[in-house]
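# Build the 3D model from these lines:
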Amino acid sequence: MDPRCRQWTEQDAREALAELTRTGESIAEFARRRGVSGERVRYWRKRLADGAPAFVAIPPVGSDRQGPWIEIATTAVTLRVREDVDLEHLAALIEVVARHGRGC
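Numbering: from 1, shown residues only. This next block holds a predicted model:
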């Protein structure tokens, strides 16, 4: 079977994307050199990026009180805060999460 027609496994895609990053080539250059379509590379880059866990460093609230938790989840981030969190601090946290979601 022609290797250009073989479907990639997730491991194949991860290895190819790591190589793409190492080479610094554009997707078009990389795909042409590897004999695959640029669409395949873009598809896997998006697919693996969407499923990648995200972490946004957020300063602590500054209290060691324990209590019930609230979780706010998006496709990219889960924000877990105490139920008694200061609303202004919560608004600032949500703003950070929103900026992260926009890629800023």
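# What number of residues are in the vicinity of Trp44?
Trp44 has 19 neighbouring residues, counting by other C-beta atoms under 10 Å. Every C-beta, even on glycine, is put in place using the N, C-alpha and C of the backbone.
# Verify the stated contact: it with Glu15.
No. If you go by C-beta atoms under 8 Å, Trp44 and Glu15 don't touch, sitting 10.4 Å apart.
# Could you check how many residues crowd around Gly16?
That one is not Gly; residue 16 is Ala. 19.
# so it touches Gly35, yeah?
No. Between Ala16 and Gly35 there is no contact under C-beta under 8 Å: 11.5 Å.
# picking that back up, joint contacts of Trp44 and Glu15?
In the contact map built from C-beta atoms under 8 Å, 6 or more residues apart in numbering, no residue is linked to both Trp44 and Glu15.
# which stretches of the protein form strands?
69-73, 78-82 (DSSP state E).
# which of the ones you listed is buried the deepest?
Of all these, strand 78-82 has the most neighbours on average by mean count of other C-beta atoms under 10 Å, namely a mean of 14.
# strand partners of it, parallel vs antiparallel please.
Note on strand 78-82: by DSSP bridges, its sheet partners are strand 69-73 (antiparallel).
# any idea how this protein splits into domains?
Annotated domains of the chain cover 10-51, 53-104 [automatic domain parsing].
# could you dump those domains to TSV with mean pLDDT?
As requested, these are arranged in TSV below (pLDDT from 0 to 100):
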stretch	mean pLDDT
domain 10-51	89
domain 53-104	69
